[in-house]
Structures are given as structure tokens and as C-alpha cells.
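here is my input, please return the structure:
(2 chains)
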There are 2 protein chains.
Amino acid sequence: MAEAITPRSQDFSQWYTDVVQRAGLADYTPVRGCMVIKPYGYALWENIQKALDQRFKATGHENAYFPLFIPHSFIEKEAGHVEGFSPQLAIVTHGGGEKLDEPLVVRPTSEAIIGHLYSKWIKSYRDLPVLINQWCNVVRWEMRTRLFLRTMEFLWQEGHTAHATYEEAEEEARRMLSIYADFAEKEAAIPVIQGRKSESEKFPGAFMTYTIEAMMGDRKALQSATSHNLGQNFAKAFDIQYLDQSNQLQHCWTTSWGLSTRVVGAIVMAHGDDQGLILPPRLAPIQVVIVPIHKNEDEKAQVMAVVEQIKVLLGEAIRFRVDDREGYTAGWKFNEWELRGVPLRIEIGPKDVAKEQVVLARRDVPGKEGKRFIPQAELAREVPKLLEMIQQELFERAQKFREEHTHEPKSYEEFKSAVEDGFALAFWCGDAACEKAIQEETKATNRCVPLDQSNAKSSSGKCIRCGKPANEKAIFARAY
Amino acid sequence: MAEAITPRSQDFSQWYTDVVQRAGLADYTPVRGCMVIKPYGYALWENIQKALDQRFKATGHENAYFPLFIPHSFIEKEAGHVEGFSPQLAIVTHGGGEKLDEPLVVRPTSEAIIGHLYSKWIKSYRDLPVLINQWCNVVRWEMRTRLFLRTMEFLWQEGHTAHATYEEAEEEARRMLSIYADFAEKEAAIPVIQGRKSESEKFPGAFMTYTIEAMMGDRKALQSATSHNLGQNFAKAFDIQYLDQSNQLQHCWTTSWGLSTRVVGAIVMAHGDDQGLILPPRLAPIQVVIVPIHKNEDEKAQVMAVVEQIKVLLGEAIRFRVDDREGYTAGWKFNEWELRGVPLRIEIGPKDVAKEQVVLARRDVPGKEGKRFIPQAELAREVPKLLEMIQQELFERAQKFREEHTHEPKSYEEFKSAVEDGFALAFWCGDAACEKAIQEETKATNRCVPLDQSNAKSSSGKCIRCGKPANEKAIFARAY
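Below you'll find the model as predicted:
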């Protein structure tokens, strides 16, 4: 921790890697493309899991666990699916010392194996809907990897549901998208745009892919979760059929939706600053760090006695840690906990003991402005209030930042400048060729067509690039 | 559910498979040796996870996540380890469409990759102890698989710790063993024997393996969790060293400990009966099922109004479900929830509404004896009390059963009969040849040398088989 991290303003990419490693979130391993998620990073992921899992269960979903391995022939059953995932597969060819008759794929996603099992489980309309989620690891062979953002193995949840009608599947896909958005905004304090992916950006095999897109601190976009209406594509490929109320055999309509450890990277990049991480209080593994300050044993005894009282005052609802390590200066500890993004710091020294006060320092407001003295007796009331305030202000700051860097260009020239600065919201003809040309010319990709088109003041216009008629605006940006 | 399950007394093995499948805990998949854990089975596993995770965290452990893949050369570094695991490895030879330079092993356990990383992380005595656990999937190639008990892929937790001294590592290995025992007895209601594995039964690469052994309903033993003092074996193989307080480089002392989804099989086999599962209330996904009984719309309205009141009375602390499905008789529902092992059933019909009562039926006490009427107003008090009582009585019943089938034979002839009936506790010389002969002659294996030798009335005796001097008793039994 002695060495400073690269300033964010100087090299965002290096800053990101420095922060992730030095804050103890994750690290590289000798296994190409595989990271280790260290305890602090995993604790953050556990809080993300809790927040999502509650939302999934509250909407009637149950968790289950499906096999890691998928026979290669299963992956081949859905044409778009195999085309999309083939280049990314890790293949097991030997087991128990022998060559396998059929190679096994390490799951890159589980539509194929789950589709097969749903075809066995679902017989009648009475069995529907099936609403299942799984928390697991998946593997996608990636050539260029970055901690959390793009790794060969990553952790995620993948929901897989089956329904009797198109409408129910569509409702489910949209419901899960709104749950992701609610999670991102309320828990991760990251404002997101809910939208529809273009044909070329959708999930291999999906009928329709929905996404939440967020703006990172370098003004690039990050796809933070996706929800797919799979139509009947997988139901037909895997024979997922049910007898309806008139005893007719029908294909189901299925969905899938996922959010991964990538969102940890989003939290780092949406909120962090030159000092390191800034964690949203609702997800922070440690919400408050208490740093006792003393120069001798007498002072230590006095201060630590008050620290004990403060621990009681904070109670079980607040996740706090006392940093009473010996051999480190208070200043060193301040830096370390700032680097690690702990939302609030309580400093207490002998003078504070005498005055029955503490110093409360906000991570998100640097310097003196973020510091104030408060009476110890007020901690139990003030700390939860302040944590809520920080949560809210982090969100508002990120939202303001996104608004400042979102433009509605009137010409393709303006569009090119817009995507240099952040997001461009512009009419688009819907043509894949036009989308591709934009990418080649500007490095910006079509992030999504926002579901909320109220920003598109008129209901139709002209494509920002080709000038052909267009009736929807899309978000274009450089992206992770 | 129409078809009855095989009676336990008739064919224990088929009964087990019937129960696991028909109760919706798990099922086979087309992927050889891989099971799917269905929502009801997974909810049980989630409750197991919660109960253990709390205990791990309360003793200072943190969770992390290490890579699924391990370079083959890492596995080879510890001689005992590679010998033990080589026949069981699944090997990835291709990734992203290309043959890999070095094949990757799908982790059968993570000592090798974690050992490597600890060697990078640990520098000084200040970094010790390292107390990390991970929840994950592992793969061991198995030729003969059984749902939960032995599957190619399974879910587990594996703790990996590093310490400055032998004593600390030994204390940790024993602490985790006692946590497993506490979990098994308090949460799963399964009495266990804590003991030491013989040389031939210990973990490949361990200095010492501790185990908890439980008796199943067919009187066979099931190893339910293990905790290993790895000595310096892995520290030396992976160069896990630290500078001590005198600035001398020392090898660490490490431990590892694990409990898997196998314990779900233990719960099934320890408590179940001819009707199916009997789940211990503390782990049961559904603790109480409410079955409303009515013959027409009028009755239904009356009954369901009271069901709403009962839901409020039970409150959020009780995990209950109302089975208001149409098209199934009450009797069919009773059978189904008995098969699925729900500890308590509340029946309520129009007569009960009139009398302001309900029927409370205990799953663990079959027939009329387990049923009684209680006033609705007493539910809030009675249900939690009864659930605790059931938890306690399940444990006591299993303990009594184990005691009845544990023998202390005086001769090898008696020993042979003893292991036909259950556990034999007998002096053993400690010789591996003698252990092997016992297995060949009786099919019973040395389960462990119990840590508590108070049953071994004298402090020394003669080996039950060879008659040589022996100073410890061991448990022998046929085992899963």
C-alpha cells in the first residue's frame, strides 16, 4: 500500500487495475484469464447476491443447480446459439484417465442443458410457469481479459423461465430487466438506461435482448445485465412442450436473464476517484471504519474504552470495523480505508474523548468539507442517516455526470464529437449496415434503443448517419 | 406422485433414490454422473449453507473465490496429492478452438491453486493466520454415482488456512471439526462421532485427517465432513513461507476442511421413513404446510379467510406454505407433503373454522398419535415450540438408533456380527495390514479413531483381529 495508485485522470485503465488489486478486490492468477476474487471483493459480491436474490424470490423465483458440463451435441441444437458460443468454448476431452466418447463443454451459459431438462419436466399447462435461477460459474474463452470486466471464468446468476404464452415470457423478460435496473440504481447507486439490443448485439439464439447500460467514469458504456425473451427458439430446439387446457401440444415460450461479477467492475468505475474505491453504503462490506488515535498506553486505554461504547452504539445493523492494528500510523490507515472505499470513517483521539465527540469523515467528499465533529451520543442516529445520504448522493452524482456527458447530436459531425465525450442519443434507421458503419467510423457501438423514448421529442426523424426515416432513438457509445 | 415409493424396509437403496427424485430434491441428467439439484433440494442446501457460513464467519473466516481450472503441473507438486487425485481428474485440453499447451484440470479440490496463491500473498508473520473459505463446485471422475452421495460434480465449501505454527494449524483443524459436528447435531439433527482417520483413509497429502461419521437408517456409516491438518506438506510443495519475528524464513502450517452436498443425502438417510423424507425443522425449506379443506365455494371462502389469519399468526419467522392448489384432494396433498418431509401440517376445514381450531399433524409421528386439535389462537406460541421439540426428538431418535446398533465386541467373531448390525467399537493395533484384512473379511472399513476414548474403558487392550497390543479403539462399519 506504500506506493500510490495511478491517478484516475492520468490513465483510467491503469487506475482501474491498480484499484482492483490494491484494494484487495481481486487479482490475476497463473491460470490464463482466470482471476481470484479476494475476500473483500467476494464480500461485495455476497452483498450483491443478497440484494438480487431477495428480489428474485420476492417475484416467485426459486434457485436450483444444473450441471457444469454440457454434451457438445446439446450446444449444437440451437443454430444461433452454437454460432455465437463456439469460438468461446472450453472443452473437456478426458476424464478418469480416458478419452471421452463425446467431448463435454464447460458451460458458457446454460440454456442448452436447462432446455433439455425442462423438456422432461414440463408436461402440462399446470406445470407453468417454471421460474428458476441459478448462481454459478461459467467459462468463456477470452483472449484479452480484464479483472471483473472480462475474465475466462466468471460468477453470475442465470435465470431460466418457461411460460405458456409469448405475452407472459415478454412480461417476465421485462420484469427481470426492471429488477436489474432497480438493483443497479438503489443498491449500486448506478443510474442505468433500460433498452432493447439491436439484432447484431442480441444474445445468440434470443428473440429479443434487453439490457441495462451504465456510464462509467471514463464516459464509456458498460452493459451491466441482460434479459432475453427467447421466443420459442429454444423450446423448439429442445422440444419444450406442454399440453394446454384443450389438450393440445404447444411449445413453451422461454426467457433467460443474467448479471455477473462484471457489476463489481461497474461499481469501481462508476464511483471511484484518484484515492481509490468509493463503495455505495448498501453494498459496502465495511460501511464504517473506526480508527482510534493514541500515542501512549494511557491514551490508548482511554480511547479504546470509548471505542467499545461506539461499537455498542452502532449496533448490529451497521457493518463496521475497528482498525486497531499496531505499527501503522493513523494517516496510513486513513489512506488505506480510502483506497478501499469505506463510506464513513470515525476518528477518535484523546481530545475527542475529553470532548465526548468523534470526527466523522465521508469518503465521497474529500478533504475538510467531508469532515465534521459530532457528539458521540448522536452516532446511533447520525451514522445510518449519513449512510443513506451518501447512497443517495452517489447516485445523484453519477446521474448528473451521465447527463452532462449525454448529447443529442443534430448532425453526424456532432454525433462524432458526442461519442468522444460520452453517450449520443440519436435517431437510427434500424439497419445493421448503418450500425456497423457507425462503429467503424466512430468506434461507438449501438448500446440500446431505450425503452423510454420520451427523450426522442418527436416520434420520428431521420437516421443520424444515413438520413433514412427512423422512428426510434438509440444510445451510441464506446463501450467495455 | 401417484405411484408409491419403494418401502424403506424392503430396499433401502431404491427407497433412497425414489425419495430423492420424487420429493423433488434432485435428479439424474444426460451428463454422465452429473445431477441437477432441483429447487426443493437447493433450498435445503441454501439453509445448510447459511447455518455453516454463520459459524465460519463467527470464527473469523472470510469467503473468496479461486479459479475452476488448475494447471496440471500444479497438481503434480505434492506427491501424495497427485497420486490420490490423478485417477479422478477431468481434463480440459482445448479452449477457444485451439489445443492448449498445458492441459487444465477441473478442480477436484483446491489445495494446489490456493497453495500457489498463498505463497504469493504471505510474506510475514503479520499476514498470518490466513483464514479463507470458498463455496464452489468441484469435479471428481466417478464410475459409479448416486444422487448427492457420489456424483462427478458436486457443490461444497472448502476452507483453506495458513498458520505460523503446528499448534495453531492443529487447533484450527480441530475447531472446524467441532463446527461441523455442532452443525450436524444442532441443525441436521444427526449425531456424529468425531474422530481421526487412519493412514490409509486420510486425505491425499494430509498430515492428519479428522472426520465426522454418522449412522444412516440402514446402519451404514457416512463420512459427513472432513478437516485436515496438512502439516507443512503443501507449504513445502508450494513454497508458502513467511518471515517470522526474528526475520527468519519459515514454512507455514496449513489446513483444509470441507463439507459437501453429500450431507443432503445424509439427512435423507438418517431421518426418512416409508412415507419419504423427514426434514429437521431448522433446515426444512418449508417448516409448516397449511392445507385448507373445503367442498364448495362457501366453505372455501370461510376456510380461506381463517387461513389468512393463520398466515399472520405464524409470521415471518416461520417458513410456511399454503397448499391451495385446485384439483387435488386433501389426502393427496397430505401424502405429497409427507413424502417431501415437511415437519408440521396444519389442516383446516369448515368444522375447524366453527370451533376456532385447527389440526396440527407431526411428520415424525405417523398416524393419529401425531395429530391433535389446537385452538387457532395458540398457533403463534405452539408452532415454534413444536418445531423445536421435533428438532430435538429427531436428534434423540437418531442417537438412540445409533446406540442400539453400536457394539463393543469381545472377539473377532462378535466383531463380524457387530458390523453386520451397525458400528463396532474395538481396540485396533494401528496396523494398515490389519485394517485391510478386516475390510476384506467383513466389508467393514475403519471409519475413525474417536477423539473421545472414554468408551474405551481401559486405556489399552488387544487388537480385535490380530491380538497385538492396542491403546485406542476405532469405529469399524460398512460405509457409503
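
in the stretch 1-150 of chain A, where is pLDDT below threshold?
Applying pLDDT under 70 to the stretch 1-150 of chain A picks out residues A:1-3.

could you pull out the strands for it?
For the stretch 1-150 of chain A, applying DSSP state E, counting those that start in this stretch gives strands covering A:26-28, A:35-37, A:62-63, A:69-71, A:90-95, A:98-106, A:130-139.

adding distance to chain B and mean neighbour count, write those out as CSV.
C-beta coordinates here come from the backbone N, C-alpha and C atoms, glycine included. Formatted as CSV, the strands of the stretch 1-150 of chain A follow (distance: least, C-beta to the nearest C-beta, whole Å; neighbours: other C-beta atoms under 10 Å in any protein chain shown):
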stretch, distance to chain B, mean neighbour count
strand A:26-28, 8, 19
strand A:35-37, 4, 24
strand A:62-63, 4, 18
strand A:69-71, 5, 24
strand A:90-95, 4, 20
strand A:98-106, 7, 16
strand A:130-139, 6, 21
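
out of those strands, which is closest to B:Glu199?
Of all the strands of the stretch 1-150 of chain A, it is strand A:90-95 that lies closest to B:Glu199, at 28.6 Å by C-beta to C-beta.

residues in contact with that closest one?
The contact list for strand A:90-95 (C-beta atoms under 8 Å, 6 or more residues apart in numbering or on different chains) reads A:69, A:72, A:99-100, A:103-106, A:139, A:141, A:152, B:69, B:89-96, B:103-104, B:106, B:141, B:152.

now with 7 Å?
The contact list for strand A:90-95 (C-beta atoms under 7 Å, 6 or more residues apart in numbering or on different chains) reads A:69, A:99-100, A:103-106, A:139, A:141, B:90-95, B:106, B:141.

taking strand A:98-106 as reference, get the angle to that strand.
160 degrees (axes from the mean of the first three to the mean of the last three C-alpha atoms, to 10 degrees).

pull up the pairing partners for strand A:90-95, direction included.
Paired with strand A:90-95 in the same sheet, following DSSP bridges, are strand A:98-106 (antiparallel), strand B:90-95 (antiparallel).

and the ones you listed as JSON lines, adding distance to A:Phe238?
Conversion of the strands paired with strand A:90-95 to JSON lines gives the following (distance: least, C-beta to C-beta, whole Å):
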{"stretch": "strand A:98-106", "distance to A:Phe238": "15"}
{"stretch": "strand B:90-95", "distance to A:Phe238": "25"}
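
quick check: the residue of the stretch 151-300 of chain A nearest chain B.
Closest residue of the stretch 151-300 of chain A to chain B, C-beta to the nearest C-beta: A:Glu153 (5.1 Å).

burial of that residue, as a residue count?
A count of nearby residues for A:Glu153, using other C-beta atoms under 10 Å in any protein chain shown, gives 23.

report the contact partners of it.
By C-beta under 7 Å, 6+ apart, the neighbours of A:Glu153 are A:34, A:137, A:139, B:67-68.

check which residues of the helix or strand that contains A:Lys311 are buried.
In the assignment (DSSP states H and E), A:Lys311 maps to helix A:297-314. Using 16 or more other C-beta atoms under 10 Å in any protein chain shown as the test for burial, helix A:297-314 gives A:299-300, A:302-303, A:306-307, A:310, A:313-314.

closest to B:Ala189 among those?
For these, the residue nearest B:Ala189 by C-beta to C-beta is A:Leu314; the value is 36.1 Å.

surely that closest one is in contact with A:Arg381?
No - under the criterion of C-beta atoms under 7 Å, A:Leu314 is not in contact with A:Arg381, lying 11.1 Å apart.

what segments of chain A are helices?
Under the criterion DSSP state H, chain A contains helices at A:12-22, A:39-58, A:72-75, A:79-85, A:111-121, A:166-186, A:233-238, A:262-271, A:297-314, A:330-339, A:350-355, A:379-404, A:412-421, A:432-442.

buried sites along the fourth one?
Buried residues in helix A:79-85, counted by 16+ other C-beta under 10 Å: A:80-82, A:84-85.

A:Gln453 - how many residues pack around it?
Neighbour count for A:Gln453, taken as other C-beta under 10 Å: 14.

quick one, phi psi at it?
Main-chain dihedrals, A:Gln453, degrees, to the nearest 10: phi -100, psi 20.

just to check, it is in contact with A:Glu472?
Yes - here A:Gln453 reaches A:Glu472: they are 6.1 Å apart, a contact under C-beta under 7 Å.

point me to the residue of the stretch 301-450 of chain A nearest chain B.
Closest point on the stretch 301-450 of chain A to chain B, by C-beta to the nearest C-beta, is A:Gly327, at 7.9 Å.

for that residue, give me the pLDDT.
Note on A:Gly327: pLDDT of 88.

phi, psi for it please.
Main-chain dihedrals, A:Gly327, degrees, to the nearest 10: phi 80, psi 10.

now it. Nearest residue, chain neighbours left out?
Leaving out its chain neighbours, the residue that sits closest to A:Gly327 by C-beta to C-beta, 6 or more residues apart in numbering or on different chains is B:Arg126, at 7.9 Å.

the one you found: neighbour count?
B:Arg126 has 12 neighbouring residues, counting by other C-beta under 10 Å.

what do you get for A:Thr29?
With neighbours defined by other C-beta under 10 Å, the count for A:Thr29 comes to 21.

next one: A:Trp257
Using other C-beta under 10 Å, A:Trp257 has 26 other residues around it.

partner residues bridging it?
Beta-bridge pairing for A:Trp257 (DSSP bridges): A:Gly159, A:Ser227.

please report how far it lies from A:Phe148.
Per C-beta to C-beta, to the nearest Å, A:Trp257 is found 20 Å from A:Phe148.

check A:Val342 too.
19 Å.

list the contacts for the residue most central in space within chain A?
Residue closest to the mean C-alpha point of chain A, counted by C-alpha atoms, centre = their mean, is A:Val263 at 2.1 Å. Counting by C-beta under 7 Å, 6+ apart, A:Val263 touches A:48, A:188, A:224.

for A:Lys236, which non-adjacent residue is spatially closest?
Excluding the flanking residues, the one nearest A:Lys236 by C-beta to C-beta, 6+ apart is A:His251, at 5.7 Å.

what sits against A:Gln245?
For A:Gln245, the contacting residues are A:Tyr125, by C-beta under 7 Å, 6+ apart.

and the gap between it and A:Cys252?
Counting by C-beta to C-beta, the gap from A:Gln245 to A:Cys252 is 15 Å.

kindly report the same for A:Cys34.
In terms of C-beta to C-beta, A:Cys34 sits 35 Å off from A:Cys252.

more neighbours: the two, which one.
Neighbours per residue, other C-beta under 10 Å: of A:Cys34 and A:Cys252, the larger number sits with A:Cys252, 30 against 22.

so that one makes contact with A:His163?
Yes - A:Cys252 is within contact range of A:His163, at 6.3 Å (criterion: C-beta under 7 Å).

show me what contacts A:Tyr40?
By C-beta under 7 Å, 6+ apart, the contact set of A:Tyr40 is A:23-25, A:285, A:340.

an error on my part: the question was meant for A:Phe207.
A:Phe207 makes contact with A:229-231, A:233, according to C-beta under 7 Å, 6+ apart.

how many residues are close by the closest residue to it other than its chain neighbours?
Nearest residue to A:Phe207 in three dimensions, chain neighbours excluded: A:Gly231, at 3.0 Å (C-beta to C-beta, 6+ apart). The tally of other residues near A:Gly231 (other C-beta under 10 Å) stands at 19.
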